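Enquirer: Predicted structure and sequence below. I'll ask about it afterward.
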Amino acid sequence: MPIAANGKALLSQSAGTLGQAIGITLGPLPANDMFVLFTDFGLQGPYTGQMKAVLNQMAPSVPAIDLFADAPVGNPKASAYLLAAYAEWFAAGTIFLCVVDPGVGGTRPPVIVEADGRWYVGPGNGLFELVQRRAATMRSWDIKWKPERLSASFHGRDLFAPVAAMLAQGEPPPGQPHQDGAHRRTDWPDDLCEIVYIDHFGNAMTGLRAVTLQRESRLVVAGRVLECAGTFSDRPPGMAFWYENSNGLAEIAVNQGRADRELGLAIGIPIEIVA
Amino acid sequence: MPIAANGKALLSQSAGTLGQAIGITLGPLPANDMFVLFTDFGLQGPYTGQMKAVLNQMAPSVPAIDLFADAPVGNPKASAYLLAAYAEWFAAGTIFLCVVDPGVGGTRPPVIVEADGRWYVGPGNGLFELVQRRAATMRSWDIKWKPERLSASFHGRDLFAPVAAMLAQGEPPPGQPHQDGAHRRTDWPDDLCEIVYIDHFGNAMTGLRAVTLQRESRLVVAGRVLECAGTFSDRPPGMAFWYENSNGLAEIAVNQGRADRELGLAIGIPIEIVA
Amino acid sequence: MPIAANGKALLSQSAGTLGQAIGITLGPLPANDMFVLFTDFGLQGPYTGQMKAVLNQMAPSVPAIDLFADAPVGNPKASAYLLAAYAEWFAAGTIFLCVVDPGVGGTRPPVIVEADGRWYVGPGNGLFELVQRRAATMRSWDIKWKPERLSASFHGRDLFAPVAAMLAQGEPPPGQPHQDGAHRRTDWPDDLCEIVYIDHFGNAMTGLRAVTLQRESRLVVAGRVLECAGTFSDRPPGMAFWYENSNGLAEIAVNQGRADRELGLAIGIPIEIVA
């Protein structure tokens, strides 16, 4: 997250939720519906825009927010840990349209997941595994609806966006409930010891929730041993460290620098935890 | 389009329209109005935002969708083939605000085009040539309206956006109808044997509509001969091929790779068709 | 600004305002409220989207426009000159949510500024210095409101966005008025002799308002002496020059080229003015 090139005073408290962030209790009252887009499509080209056009035509009163358009390309596993960390910040009722889908046109099923009141539409390729695993309550469906025309390579636009819009319009999930165990990736770990995202500032998010670590834990990445920092100003310029980011992930940063370039980090690079 | 790094089963069926995508017939009923932006401005800097501010102030109820903000920079010819392929997916009544305008401030006229019920506002530099040529019905106007202040270098904000908003508000085109032949580029081909766009995944769109090719056609690009693939999984990893993308263009891709890097592709590189 | 690779006829007239651009007088009537985002967060990752989610939940009827998401990273000084040049184009009543905040979590105060009827929310690190200095009327507040949960590293989402939304809802500034001299950077010049922004086309904006220069003034940058051009076509291809951009800044461009690459320009590079 926008952390300090010459910042100060990082606290270790974890992130709140959208309800807490805006200082109102969203509990009994439904929040305004919202689409949240999580894809590896980029924003500049046609894919995000065409999906938004479908959402807008079918559910014009529901806003669409771009959460990630640069999720790990073609990597549902890394994306799953990123999505789970960021989704829980949003209110119940939010509809996540998620497409990281290297198998588009293949055999992975199109699915709907409801987890702790949030809805997810996208490919059943593990992308929702961590959202499902961490939820107190969870249901899922195989999408059975088919559009009049389904392109071979853009199910986000032709299949997932229309289904997301149907849910926003209050329609029942257009599919068939399936067993909790279907399309699950129980072989994946609860937290992922890898870099899962590099942000605009060069900070590297891991797939590790900071709450699973000790403040004394050190992370080893690309041959470097990093300690936890509570504050940036504890560290001299150029010093790398890890900290708990604003959505609860352990994130690697460099004071007054770009961690990606200075440490040689990229998505998929493994992390090791040492005491 | 988001095609499969390790994808499967690409079908050869062509794309539908927005109406078909959302499973409703848009025919006799007007769709919700929508602005669609097609520019070479990028999204991060001030240009797209300032245009949207004008649209929002003048036509606050009409949503604005980013279709392309990374159209071929300063290249109205390549952009014209890209625009024509993507515009026809949108409903009649859509208003396209299009700015790829290397001659801003020069002698190219500002124009309005109505083609098959879709509206286009932008520079008369050939950008709408293919939209016009492929339309069943078509009209066009030279814009005669002038803003109170017209900057020298940002007609998108000062001239084209206000005119697009006027159209959305139901005003008649603020200009003078011109002859069908005016500002036309009849010297341009019906399909363009060049790369016209590189997407977020490194796939390279050509200016060739796939319907003009045979499944047996091979495309020669950068010294490589590429066959048509119906499915990604037909090809071993690293194999390049062409296929019909989700908006009907012939597109060059590499199974589990980036075609732009692996084949050395860029906008403007010529394509040859061999039987 | 989108200037001409092979453009013509740049005029020297300065830019108008949003009201002038859309040909209506916004004076006595309030414009539609609008949030304008000015950050160094980028658009693709989670930061801009999460801020918009907060704005939308708290003030759903107020649109949010992305003005800059690529303001000079961690550089409030350069950003201050860029913001001041672009803000004055917007109508009174506009609420600017501005985050270029290398000291997040540190001692810089969170502030609200009202200047000539426009509202600004963000860090009190000099980011609003030029907006304040150039305003005819100005007030400011230290933000005293605290969210239920405040992350250490994302005040844009947790603190500034909620406060911006409160203002849009008509609430009084949730803070304490402070003296005009508080948090000011009177040591900064009225215009900044540096590159402050490189746009999508490679044009380099300076922190100099063109009205402070003579048409005969030459700018020296990276060892090159540049003259003012009224028109691109005055110059042969590859020739660099400066001109007044669409928001009144002196901007460096190359006819049919990218000034950043051809002259070796980057944010922070100094400019010298010679007669």
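Expert: Okay, I see it. Nothing here was measured: the structure is a model prediction, and the numbers come from that model.
Enquirer: Could you pull out the helices in chain A for me?
Expert: Ranges of helices in chain A, per DSSP state H, are A:18-21, A:46-58, A:76-87, A:129-134, A:155, A:161-168, A:259-263.
Enquirer: So for residue B:68, which of those sits nearest?
Expert: Among the helices of chain A, helix A:46-58 comes nearest to residue B:68, with 5.9 Å by Cβ to Cβ. No exception for glycine: its C-beta is placed from N, CA and C like everyone else's.
Enquirer: Please see if that closest one touches chain C.
Expert: No. Using Cβ under 8 Å from any Cβ of the partner chain, we find that helix A:46-58 stays clear of chain C, coming within 9.8 Å at best.
Enquirer: so for that helix, what's the average pLDDT?
Expert: What helix A:46-58 shows for mean pLDDT is 97.
Enquirer: now the angle from that helix to helix B:76-87?
Expert: 40 degrees (axes from the mean of the first three to the mean of the last three Cα atoms, to 10 degrees).
Enquirer: possible to save the helices of chain A as TSV with mean neighbour count and distance to residue A:226?
Expert: Below are the helices of chain A laid out as TSV (neighbours: other Cβ atoms under 10 Å in any protein chain shown; distance: least, Cβ to Cβ, whole Å):
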stretch	mean neighbour count	distance to residue A:226
helix A:18-21	22	28
helix A:46-58	25	34
helix A:76-87	26	19
helix A:129-134	21	24
helix A:155	25	39
helix A:161-168	25	39
helix A:259-263	19	9
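Enquirer: would you list the ones you listed in a markdown table and tack on distance to residue B:261?
Expert: Formatted as a markdown table, the helices of chain A follow (distance: least, Cβ to Cβ, whole Å):
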| stretch | distance to residue B:261 |
| --- | --- |
| helix A:18-21 | 39 |
| helix A:46-58 | 20 |
| helix A:76-87 | 21 |
| helix A:129-134 | 30 |
| helix A:155 | 25 |
| helix A:161-168 | 29 |
| helix A:259-263 | 19 |
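Enquirer: ok, of those helices, where does mean pLDDT dip lowest?
Expert: Of all the helices of chain A, helix A:18-21 has the smallest average pLDDT, which comes to a mean of 63.
Enquirer: where does the stretch 51-200 of chain A come near chain B, residue by residue?
Expert: Residues of the stretch 51-200 of chain A lying near chain B (Cβ under 8 Å from any Cβ): A:52-54, A:56-58, A:60, A:73-74, A:99, A:101-107, A:147-154, A:156-158, A:161-162, A:165.
Enquirer: let's see it at 6 Å
Expert: A:52-54, A:56-58, A:60, A:74, A:102-106, A:147-149, A:151-154, A:158, A:162 (Cβ under 6 Å from any Cβ of the partner chain).
Enquirer: pLDDT weak spots in the stretch 151-275 of chain A?
Expert: Applying pLDDT under 70 to the stretch 151-275 of chain A flags residues A:180, A:231-234.
Enquirer: any chance you could map the strands in it?
Expert: Secondary structure of the stretch 151-275 of chain A (DSSP state E, counting those that start in this stretch): strands at A:175-177, A:192-198, A:204-209, A:218-221, A:224-226, A:240-244, A:249-254, A:271-274.
Enquirer: could I get those as a markdown table with mean neighbour count?
Expert: Compiled in a markdown table, the strands of the stretch 151-275 of chain A are given as follows (neighbours: other Cβ atoms under 10 Å in any protein chain shown):
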| stretch | mean neighbour count |
| --- | --- |
| strand A:175-177 | 14 |
| strand A:192-198 | 23 |
| strand A:204-209 | 26 |
| strand A:218-221 | 19 |
| strand A:224-226 | 17 |
| strand A:240-244 | 24 |
| strand A:249-254 | 27 |
| strand A:271-274 | 15 |
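Enquirer: looking at those, which is closest to residue B:254?
Expert: Nearest of those (Cβ to Cβ): strand A:192-198, 23.3 Å.
Enquirer: Can you add distance to chain C and give the strands of the stretch 151-275 of chain A back as a markdown table?
Expert: Formatted as a markdown table, these follow (distance: least, Cβ to the nearest Cβ, whole Å):
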| stretch | distance to chain C |
| --- | --- |
| strand A:175-177 | 27 |
| strand A:192-198 | 8 |
| strand A:204-209 | 9 |
| strand A:218-221 | 17 |
| strand A:224-226 | 16 |
| strand A:240-244 | 8 |
| strand A:249-254 | 9 |
| strand A:271-274 | 20 |
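Enquirer: out of those strands, which comes closest to residue B:95?
Expert: Nearest to residue B:95, of those and by Cβ to Cβ, is strand A:175-177 at 35.3 Å.
Enquirer: Okay, now the sheet partners of that closest one, with direction.
Expert: strand A:138-143 (antiparallel) (DSSP bridges).
Enquirer: Other residues contacting the helix or strand just after the partner strand?
Expert: Beyond strand A:138-143 in the direction of the C-terminus, DSSP states H and E gives the next helix or strand as helix A:155. Contacting residues not belonging to helix A:155 are listed as residue A:104 [Cβ atoms under 6 Å, 6 or more residues apart in numbering or on different chains].
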